[in-house]
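# any chance you could fold what I've pasted below:
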Amino acid sequence: MDHQSPFTLAHGDCRADVHPATGGALAALRWGGHDILRAAPAGAGVRQMACYPLVPYSNRIGNAVLQACGHTHALRANFPPEPHSIHGFGWQRAWQVTARAADSAELLLVHDGDADWPFACTARQTVLLDAAGLRLRLSVRNDDTRAMPAGLGFHPYFPLAPGLRLQTQWDGVWSMGDDRLPAGLAPVAQASPFATPQPVAGWHSDHCYSGWTGRASLDYGAYAVQLSASENCRHLVCFAPNDARNFIAIEPVTHANNAFALAHQGAAGTGMRLLAPGESLHIAMRLAIEDTAEYQHA
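Residues are numbered from 1 along each chain as shown. The predicted structure follows:
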């Protein structure tokens, strides 16, 4: 079995293109002729992919300085020209395919500790198609002799089609400052403007929302995508630039942006986890696709 070349999974009307060597990412997810996630062009880098895993943390570590367990670690600023570290190391590494069937695959990434992340750990990702759509599972195990701060997330990009309506709920927001880090030590209370389905067009966001219900619905008219995530994903990063890039990223994650530094400063509710040696953290995300056209014309 080729352990790193791209391949396609299929189940019924659903297809997923998997690129292990490009950050363990999905290059496309298609159903019934529709691009459920934005499709990557040929030869695309990971930032143009349809979805990629965030491990062992989501979003930014401010100024590439990790503070945990009384120690300070200088990381590599891996997203120039920003001074921060972003999204862990998994999205910038080649993963190995350890198991594969017609509609499922398991990918593995073993990390020995380096300038991107000083702790030894192992990440696993499972991609599974079924009659309803896509299931993703992601885990990280602390293989180090020290306790390891950890977080996980998924970074799916959805097409920003005309008329797209979003429904989801949260109760707070970690507003982004000019430095692209949370502006305070606590989320600001905010009722979701999408508690009932609302158009996404014109909405601009680059924030992390707290108290997320773990569910979101994207209605494209002819079909709808029901996104759900595991219980420990109660933060949601939304990146809605509403520009020529023509996507909206809706990212289920376990913790707030810059959570490790926030927790070090005494902030509560960041979602930051410490894994003991040998301990693992697991999350899951499901994209269930519904054909709504038949109901509209019934």
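
# do a quick rundown of the strands in the stretch 101-250 of the chain.
Here the stretch 101-250 of the chain has its strands, by DSSP state E, counting those that start in this stretch, at 104-111, 121-129, 133-142, 148-150, 153-159, 165-168, 172-174, 188-189, 198-199, 205-210, 215-219, 223-229, 235-240, 247-253.

# tabulate those strands (TSV), appending distance to Pro277, mean pLDDT and mean neighbour count.
No exception for glycine: its C-beta is placed from N, CA and C like everyone else's. Below are the strands of the stretch 101-250 of the chain laid out as TSV (distance: least, C-beta to C-beta, whole Å; pLDDT from 0 to 100; neighbours: other C-beta atoms under 10 Å):
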stretch	distance to Pro277	mean pLDDT	mean neighbour count
strand 104-111	15	98	19
strand 121-129	10	98	21
strand 133-142	6	98	22
strand 148-150	8	97	25
strand 153-159	23	98	24
strand 165-168	36	98	20
strand 172-174	30	96	23
strand 188-189	37	96	12
strand 198-199	46	97	14
strand 205-210	29	96	22
strand 215-219	34	98	19
strand 223-229	27	98	20
strand 235-240	26	97	23
strand 247-253	24	98	23
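
# what's the pLDDT at His19?
Note on His19: pLDDT of 98.

# right, and it touches Thr8 too?
No: with contacts counted by C-beta atoms under 8 Å, His19 stays clear of Thr8, the gap being 10.5 Å.

# who has more neighbours, these two?
Shown here are His19 and Thr8; by other C-beta atoms under 10 Å, His19 has more neighbours (23 against 12).

# quick check: that one vs Arg124, distance?
Remark: distance between His19 and Arg124 (C-beta to C-beta, to the nearest Å) = 17 Å.

# return the set of buried residues in the longest helix along the chain.
Counting residues, the longest helix found in the chain (DSSP state H) is helix 259-264. Applying a neighbour-count criterion of 16 or more other C-beta atoms under 10 Å, one finds Ala259, Phe260, Ala261, Leu262, Ala263, His264 buried in helix 259-264.

# got a markdown table for those, with pLDDT and distance to Ala222 too?
Listed next are the buried residues of helix 259-264 as a markdown table, based on pLDDT from 0 to 100; distance: C-beta to C-beta, whole Å:
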| residue | pLDDT | distance to Ala222 |
| --- | --- | --- |
| Ala259 | 96 | 38 |
| Phe260 | 94 | 42 |
| Ala261 | 94 | 44 |
| Leu262 | 94 | 41 |
| Ala263 | 93 | 44 |
| His264 | 91 | 47 |
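
# who does the nearest residue to Tyr52 once chain neighbours are set aside bridge with?
Take Tyr52 and drop its neighbours on the chain: the residue closest to it by C-beta to C-beta, 6 or more residues apart in numbering is Ala25, 3.9 Å away. On the basis of DSSP bridges, Ala25 is bridged to His19.

# how close does Ala25 sit to Asp35?
As judged by C-beta to C-beta, Ala25 and Asp35 stand 15 Å apart.

# of those two, who's got more company?
The residue with more neighbours, out of Ala25 and Asp35, is Ala25; 28 against 14, by other C-beta under 10 Å.

# so who does that one touch?
Val18, His19, Ala40, Val46, Met49, Ala50, Cys51, Tyr52, Pro53, Trp91 (C-beta atoms under 8 Å, 6 or more residues apart in numbering).

# what about 6 Å?
By C-beta atoms under 6 Å, 6 or more residues apart in numbering, Ala25 lies in contact with His19, Val46, Met49, Tyr52.

# can you check Pro53 too?
By C-beta under 6 Å, 6+ apart, the contact set of Pro53 is Gly24, Gly90, Gln125, Leu138.

# switch the cut-off to 7 Å
Pro53 is in contact with Gly24, Gly90, Trp91, Gln125, Leu138, Phe154, counting by C-beta atoms under 7 Å, 6 or more residues apart in numbering.

# His235 too?
Counting by C-beta under 7 Å, 6+ apart, His235 makes contact with Cys208, Tyr209, Ser210, Trp212, Val253, Thr254, His255, Ala256, Gly271.

# report the two of the residues you listed separated the most.
Pairwise distances across the contacts of His235 (C-beta to C-beta) peak at 13.4 Å, for the pair Tyr209 and Thr254.
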